[in-house]
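# Everything below, folded, please.
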Amino acid sequence: MAAPSMGGVSLPRGNGQTVRLPRGASLTDLAERINAEPAALVTALFHLGEMITATQSVNDDTLQLLGAEIGWVIQVVSPEDEDRELLDTFDLTFGDEESDDEDDWGIRPPVVTVMGHVDHGKTKLLDALRHANVAGKEAGGITQHIGAYQIVTELEGNERPVTFIDTPGHESFTAMRARGAKVTDIVVLVVAADDGVMPQTVEALNHAQAAEVPIVVAVNKIDKEGANPAKIRQQLTEYGLVAEEYGGDTMFVDVSATTRQGLDDLLTSILLTADASLDLRANVGQDPQGVVIEGKLDKGRGPVATVLVQRGTLRQGDSIVAGDAYGRVRSLLDEHGNKLKEALPARPVQVVGLTSVPRAGDTFLVVEEDRIARQIADRRQARIRNAQNASMRKRISLEDLDAALKETRQLNLIIKGDNSGTVEALEEALMKIEVSDDLTLRVIHRGVGGITKSDIDLALADDVIVLGFNVRAEGQATELAAREGVDVRYYTVIYQAIEEIESALKGMLKPEYEEVQLGTAEVREVFRVPKIGNVAGSLVRSGTIVRNSKARLIRDGAVVADNLTVESLRRFKDDATEVREGYECGVGLGSFNDIKPEDVIQTFELREKPRA
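Have a look, this model is predicted:
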């Protein structure tokens, strides 16, 4: 049955039927599902006040608006559901499945995420635990990446491995920190004993509680003057963390990353919490699956992904697909660069052999053939691209058409970084900058690795600023950028990039002006001057009357004329540039002659208002 005609176009009515579409689908995709002409859907949306082409990615709200109009229920499939459906087509699943073979199940190490406020010593604490020096290498003293490491400790005479994930401390990395909570078993909340509970402490605590994981509190810096561990315990009771000594169930451990005090107690507390609260078992016999912790482009090895195996055993030679990247595992490396033959559940490991750099938080799985891995990666890539296109498209209604056709001001960026998590976090932070409705920020390309000649070529084509985060321009790219005047900016600390881009956006805004009053003059008498017109013989009552300034004429308290100009100004027979309060003068307002005695001439100027 055909729907009622919309502007001469009839569409098949859905009568409440449901049609499922991936995020960022086009009108052509919808037309194929409901057996309609794409042009008819374009016309239907036009009549609803939306201008979209047939092949353009459409956002969720617009799809559902169109569906309601033509009688179809449009169900936009979430990326997770779409991924599940994609895997179903290859008879693959993601997630733990029960196995009847008890031999396949084994005890796995706990995965611990370290969280807390910036400068409270998270990285130094991990540094002390694994005898490394990561903190000294971080720009600005802030962790800019996610790292994963495994530490072996001893409990009751048995060697017990513990996997640690170090999440960045800057608030702009909220999304990456949230991902850390999703893959973790236990959260270690680091709070400085001399500083107390801070905004990012609460933020990290919220992530951990949302993930419903046990929390161990490490009260750090107890060796410093002014340290007050009891105060920390008291403050955290307000957020539902009650120490065991206060009758609660949260373990608090006093530590010092500098003096190494309390580190063994911290590891013991983590293992005791894991044994008491969690059943940490994993199936080592199933196909390997897990999560990408970070990805980077290594000059010698190519794309390298740090992954956390969640089930199964990952081995060299496996065909792997991680997000929209795929390949064959060429080698497995631990956090020290040593080669491994296999990686068991809860083991963080670096994978070499992927075709591109996956994003932090992507899931990975092992499939039977390289062909299947490539097909899954290609479909994921198309899905991600469509979703990005839909989210970047600004809705334009018919009422806004006139404004849309005028010149739109947009700051285009290319973001390149040393690993995928950093690039994604920087992009997310930049996209949250709000300056003005008529000014947009658009990331036209993002990637991992150095700034290449192709990046500069793209910047030339679209008038783009290139941001390099912990990476530099390479070879010909440097020469081309210098020759063509492409703006390439390098950063090592994320908040510097955010501040500079925000300043650049404010600089692109139309200037805002405020009116500043200069002076007022009372008209005493009106003189008629040939070839000039009426001149107001006036007494300056306040301020200064300045020649060529803006003016308005006020009569009986009402504005008679606005947007006038003081075109001539005289003191007796001499021209004057300005006349101050208390002096008489002759004021000519150009071709405006409707001037009467007792009128008030108010002069002002428009000054550009600095933006906050």
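# which residue packs closest to residue 19, ignoring adjacent ones?
Closest residue to residue 19 apart from its sequence neighbours, by Cβ to Cβ, 6 or more residues apart in numbering: residue 33 at 4.8 Å. Glycine gets a C-beta too; all of them are placed from N, C-alpha and C.
# for residue 348, that is, sorry about that
Leaving out its chain neighbours, the residue that sits closest to residue 348 by Cβ to Cβ, 6+ apart is residue 148, at 3.3 Å.
# Check which helix or strand that neighbour maps to.
Following DSSP states H and E, the helix or strand that holds residue 148 is strand 147-155.
# From residue 544, how far off is residue 588?
To residue 544, residue 588 is 17 Å away according to Cβ to Cβ, to the nearest Å.
# Distance-wise, check the residue nearest to residue 342 when sequence neighbours are not counted relative to residue 344.
Distances taken as Cβ to Cβ, 6+ apart place residue 315 nearest to residue 342, at 4.7 Å, with adjacent residues excluded. According to Cβ to Cβ, residue 315 and residue 344 sit 10 Å apart.
# Compare these two (neighbour count), which wins?
residue 344 (19 against 14; other Cβ atoms under 10 Å).
# got a list of what that one touches?
Residue 344 is in contact with 106, 108, 282, 284, 309, 313, counting by Cβ atoms under 8 Å, 6 or more residues apart in numbering.
# again, only this time at 7 Å
284, 309, 313 (Cβ atoms under 7 Å, 6 or more residues apart in numbering).
# Between the two ends of stretch 442-457, what distance do you get?
Across stretch 442-457, the terminal residues are separated by 17 Å (Cα to Cα, to the nearest Å).
# what comes into contact with it?
Contacts for stretch 442-457 (Cβ under 7 Å, 6+ apart): 295-297, 357, 392, 410, 412-417, 419-420, 423, 427, 458, 462, 464, 466, 468, 471-474, 476-477, 480-481, 486, 488.
# Repeat that for stretch 541-557.
Looking at what lies outside stretch 541-557 - Cβ under 7 Å, 6+ apart - the contacts are 517-522, 559-566, 569, 576-581, 585, 587, 589, 595-596, 599-606.
# mind listing what's buried in that stretch?
543-547, 549-553 (16 or more other Cβ atoms under 10 Å).
# which secondary structure elements does the strand holding residue 148 contact?
helix 122-130, strand 158-166, helix 263-277, strand 348-354 (3 or more Cβ pairs under 7 Å, 6 or more residues apart in numbering; DSSP states H and E).
# Parallel or antiparallel, which strands does that strand pair with?
strand 158-166 (antiparallel) (DSSP bridges).
# quick revisit: compute the inter-axis angle for the strand holding residue 148 and helix 263-277.
90 degrees (axes from the mean of the first three to the mean of the last three Cα atoms, to 10 degrees).
# residues of strand 147-155 that come out buried?
147-151, 153.
# Could you do stretch 220-234 as well?
In stretch 220-234, counting by 16+ other Cβ under 10 Å, buried: 220-222, 227, 229, 232-233.
# Which helix or strand in the chain has the lowest average pLDDT?
One helix or strand of the chain scores below all others by mean pLDDT, DSSP states H and E: helix 401-405, with a mean of 42.
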